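In: The sequence and its predicted three-dimensional model are supplied below.
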Amino acid sequence: MVKRKVKVKTELIRNKFHIMVRKCCQSCAFKDLTRCAQSRFCIKQEIKVKKEHVCVNWEMNIQQRMAGYPRGRVKCKEYLKYVMAVREDEALAIENGEAVIPKTIKQLRTEFLKNHGNIHELV
């Protein structure tokens with residue numbers, strides 16, 4: 001006997017920014033992650049459910065509701081590489097036993113703006 005996977009029809013709905021969101025436990029406000037990647041814990045029903053599960057209590061979580069928010073900006077690749085390089089240098093210095101005070105994000109942004117310009121992608 002061969003086991004066949006049953007394909008569950010998924011429902012897609014739009015958030016207020018017209019982004020399509022798949023209606024399932026993964027996008028629900030009542031999910032609680034477990035260590036197992038295949039299941040979730042439903043806070044509302046207080047049961048363990050599969051990640052594709054959809055129940056009558058489904059409500060879109062905040063991350064999905066805010067997807068497509070128009071005021072968000074994307075940081076440029078150069079800035080992200082700069083921050084990563086600074087953090088790697090700090091970690092290496094700490095490994096070598098040096099006393100290092102990690103720079104704050106505000107300090108990193110100020111230095112990058114002074115030397116390179118804008119930290120966000122120009123659209």
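Out: Structure's in. What do you need? Worth saying up front: this structure is predicted, and the values here are computed from it rather than measured.
In: any idea how far residue 51 is from residue 10?
Out: According to CB to CB, to the nearest Å, residue 51 stands 12 Å off from residue 10. No exception for glycine: its C-beta is placed from N, CA and C like everyone else's.
In: Would you mind giving the domain segments of this protein?
Out: Annotated domains of the chain cover 11-66, 77-116 [automatic domain parsing].
In: Find the one among those with the highest mean neighbour count.
Out: Mean neighbour count (mean count of other CB atoms under 10 Å) peaks for domain 11-66 among those, with a mean of 14.
In: what sits in contact with each of residue 51 and residue 10?
Out: residue 24 (CB atoms under 8 Å, 6 or more residues apart in numbering).
In: Can you show me the helices along the chain?
Out: 62-66, 77-95, 105-116 (DSSP state H).
In: so what's residue 96 up against?
Out: Shown in contact with residue 96 (CB under 8 Å, 6+ apart): no residues.
In: I'm done for today, thanks for sticking with me.
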